[in-house]
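# everything below, folded, please.
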Amino acid sequence: MKYITTVNDKEFQIEVVDERHVRIGDRLIEVNFEPVSGQPVFSLLLDGKSYESFVYQGEEDWQVLLHGRQYQVKVEDEREKRLRVAAGGGASESGEFHLKAPMPGLVVAVTVSEGDVIEKGQVILILESMKMQNELKAPRAGTVGRVRVKPGESVEQKQTLLSVH
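Residues are numbered from 1 along each chain as shown. Prediction:
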């Protein structure tokens with residue numbers, strides 16, 4: 001099965017060859033992807049290189065935290081993509097978006113205030129988890145609504161941190 005995967009607005013064609021191999025474009029890669037102790041933490045081996053990532057499902061896509069960077073990932077099979085394009089659908093850039101904590105942690109810094117106009121990709125909050133600081137970025141341009149947390153505050157996974165409209 002082939003999938004169209006969009007990572008931070010960059011599109012990749014991925015084909016699942018078997019349970020240990022995927023093809024990204026023309027490149028065949030050996031993979032092993034395993035959950036770690038019931039947490040949203042996954043061990044990922046790509047061609048023998050080891051990675052640890054946090055993965056959780058957002059409202060419209062997946063949020064992946066890898067090496068302290070957060071990525072928005074949308075996965076569609078070929079049929080879903082054709083139907084969405086035919087219907088004229090795209091990513092929603094209107095309405096209110098709630099930024100949620102990808103994992104439990106400690107708020108290190110909130111780099112925006114209520115009413116601030118922000119750009120897509122701008123760092124809006126820094127969250128520390130497992131001794132690693134993670135920059136959470138704006139999923140789209142907009143205006144910061146309510147900021148629900150402050151530096152030094154502990155948060156739970158999927159807790160709403162702030163809103164953007």
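# what strand or helix carries residue 133?
strand 132-137 (DSSP states H and E).
# tell me which strands and helices that strand is in contact with?
Judged by 3 or more CB pairs under 8 Å, 6 or more residues apart in numbering; DSSP states H and E, strand 132-137 is in contact with strand 69-77, strand 123-129. (Each C-beta comes from the backbone N, C-alpha and C, glycine too.)
# include mean pLDDT and mean neighbour count when you put those into CSV, please.
Converted to CSV, those look like this (pLDDT from 0 to 100; neighbours: other CB atoms under 10 Å):
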stretch, mean pLDDT, mean neighbour count
strand 69-77, 86, 16
strand 123-129, 91, 20
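# which ones are touching the residue nearest to residue 136 when sequence neighbours are not counted?
Closest residue in space to residue 136, ignoring its immediate chain neighbours: residue 125 at 4.5 Å, by CB to CB, 6 or more residues apart in numbering. Residue 125 makes contacts with 99, 107, 109-112, 135-136, 149, 161-162, as judged by CB atoms under 8 Å, 6 or more residues apart in numbering.
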